[in-house]
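J.: task: produce atomic coordinates for the following.
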Amino acid sequence: MIIDAHAHLWKEQKGKVDGRDVISLDNGKSDFGGDIRQMMPPYMTDGYNSVERFIANMDYAGVNGAVITQEEIDGNQNEYLHEAKNKFPDRIKICSLYLENTPVETEGFDGIKLCAGRLKEQNLLKHEEVFALAAEKGMFISIDLADGAAQTKELGTLADKYPELRIAIGHFGMVTRENWLEQIKLAKRSNVYIESGGITWLFNSEFYPYPSAIKAIKEAAAVCGTEKLMWGSDYPRTMVEITYKMSFDFVLKSAELTEREKELFLYKNAESFYGFDNLRQLPEIKNML
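T.: The predicted model follows:
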């Protein structure tokens, strides 16, 4: 059993990066604030990052459940995520996107996503109402922090003030950046977890099987415990270099992690944190190789 704690979906990409437009083009490409980037695998020719394609990838790779987070560069996908969850209610959890000076939508959502590193007002205490709202509604917070310790003090204050609020820090604390362990230390708190969405992006120059990523997982576990760490793929952007299965296969094949550590990282921790309670076993599909 495997749960992906960090994936993205969009019907049409209409976001912003540093105030400039991000727009889907063809063959998986996007205009990224004036630069042409390969945003998705080239077979996604129509720019539509659909839930059906994602579920097909999950079924093939053997991933049972997933958490659909959001990113400002993709634009607000709240409406489409509702549609996606209605189609696959037993497979996915969905996050509402928080945008500054905009009401937060909560109805039908499991969590709220904060792209904290992209906020104009970087002090998280100025955004406390979002954390209070999530706590009141029994939702979780999915948050991508600015690099290093820039926002860790404020997040620690909020985590302590709302001890029942579940908080998942994304991108494995921006593991390749200076002072990344300051983000990991936040998970010493009972209500804060770390998810690894984007870890294969951050170690992309090293590439599969990402030995430095395995080293980082062990280093983080020494700080906060393996029971606070969760796997995430950052689908579909990371799929421009690897297959969906490769985004966790390097963990399964690692001789540096025990079977119990792999089970916690790939499934058990996320099952508990996100509240997955009805996932089913998937049949193994043999491929032509």
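J.: wait, isn't Lys29 in contact with Pro41?
T.: No - using CB atoms under 8 Å as the test, Lys29 is too far from Pro41 to be in contact (10.7 Å). For the C-beta atoms, the positions are set from N, CA and C on the backbone; glycine is no exception.
J.: the two: who's more crowded?
T.: Taking neighbours as other CB atoms under 10 Å, Lys29 and Pro41 compare with Pro41 leading, 22 against 18.
J.: just the element for that one, please.
T.: Element membership of Pro41, judged by DSSP states H and E, is empty: it is in no helix or strand.
J.: quick one: it from Asn57, how far?
T.: Distance of Pro41 to Asn57, computed by CB to CB, to the nearest Å: 10 Å.
J.: next one: Tyr210
T.: In terms of CB to CB, Tyr210 sits 19 Å off from Asn57.
J.: can you check Ala255 too?
T.: Taking CB to CB, one finds Ala255 at 27 Å from Asn57.
J.: show me what contacts the residue lying closest to Lys245 once chain neighbours are set aside?
T.: Closest residue to Lys245 apart from its sequence neighbours, by CB to CB, 6 or more residues apart in numbering: Ala61 at 4.1 Å. Residues counted as contacts of Ala61 (CB atoms under 8 Å, 6 or more residues apart in numbering) are 2, 243-245, 248.
J.: need these in TSV (columns: secondary structure).
T.: Putting the contacts of Ala61 into TSV (DSSP: H, G, I helix; E, B strand; the rest coil) gives the following:
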residue	secondary structure
Ile2	coil
Thr243	coil
Tyr244	coil
Lys245	coil
Phe248	helix
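J.: buried members of those residues into PyMOL, please.
T.: In PyMOL, this line selects whichever of the contacts of Ala61 come out buried by 16 or more other CB atoms under 10 Å:
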select buried, resi 2+244+248
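J.: now the two most distant members of the contacts of Ala61.
T.: Ile2 and Thr243 (14.4 Å; CB to CB).
J.: endpoints of stretch 145-157, how far apart?
T.: 14 Å (CA to CA, to the nearest Å).
J.: what sits up against it?
T.: For stretch 145-157, using CB under 8 Å, 6+ apart, the contacting residues are 116-117, 122-125, 143, 167, 169-170, 173-174, 177-180, 182-183, 185-186, 189.
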